[in-house]
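Trainee: heads up, no residue letters with this:
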């Protein structure tokens, strides 16, 4: 299963945001990577470079590689409505992201690992595909054996109250994907229109 395994802090420095991990090292060094650091003279970016960077930010944020991201975009473009909004909704509906949003894991990387190691049930069935797309009404939870695993339970942090498209049952450690989120409700700082413009060329 392909995924990014490189240095996380380098990615955070490229975008100047905690895309991967906590971003705690950004306070120490927020300069973009490169041998000249802050002293490097950088030309103004072209329109294409700005659009490409936004796509890269979305890919790293949702832990999606190039081919899968393009396929997600194509699916978004086939759906009714704004393609950019559809893209964000499809990324949010991914199983690994939904496990993270429900608070069953502290990060998307941890959520991805829980899914791939078969700790997660979708509507009572084991699903170990992180890119599995949830539909409104789908229920995600730990399988019974995982609920007795202290290492797994130690990852649970509870749902962010601002994530209103996921319902969380703290007693049963269960989350329900209520609906595709409205774009303004998704907190990620991604300018999806730039991604649409990039793919429209």
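Mentor: Nice, I can see it. A quick note: this is a predicted structure, and the numbers were derived from the prediction, not measured. Numbering: from 1, shown residues only.
Trainee: if I look at residue 180, how far off is residue 81?
Mentor: Separation of residue 180 from residue 81 (Cβ to Cβ, to the nearest Å): 10 Å. The C-beta positions use only the backbone N, C-alpha and C, and glycine is treated the same way.
Trainee: Which one's more surrounded, those two?
Mentor: residue 180 (19 against 10; other Cβ atoms under 10 Å).
Trainee: and residue 64, how many neighbours?
Mentor: Residue 64 has 23 nearby residues by other Cβ under 10 Å.
Trainee: Skip the chain neighbours and tell me the closest residue to residue 139.
Mentor: The shortest distance from residue 139 to any non-neighbouring residue, by Cβ to Cβ, 6 or more residues apart in numbering, is to residue 176 (5.1 Å).
Trainee: doesn't the one you found fall inside a strand?
Mentor: Yes. Counting by DSSP: H, G, I helix; E, B strand; the rest coil, residue 176 is found in a strand.
Trainee: Let me see the contact set for it.
Mentor: Residue 176 makes contact with 137, 138, 139, 140, 166, 167, 168, 169 under the criterion Cβ atoms under 8 Å, 6 or more residues apart in numbering.
Trainee: give me that answer again for 7 Å
Mentor: 139, 166, 167 (Cβ atoms under 7 Å, 6 or more residues apart in numbering).
Trainee: which of those residues count as buried?
Mentor: Neighbour-count burial (16 or more other Cβ atoms under 10 Å) applied to the contacts of residue 176 gives 139, 166.
Trainee: Export the contacts of residue 176 as CSV, with columns for pLDDT.
Mentor: Output for the contacts of residue 176, formatted as CSV (pLDDT from 0 to 100):
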residue, pLDDT
139, 98
166, 95
167, 94
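Trainee: so, if you compare the contacts of residue 176, which one comes nearest to residue 92?
Mentor: residue 166 (9.3 Å; Cβ to Cβ).
Trainee: isn't the closest one right up against residue 160?
Mentor: No. In this structure, residue 166 is not within contact of residue 160 by Cβ atoms under 7 Å, at 8.8 Å.
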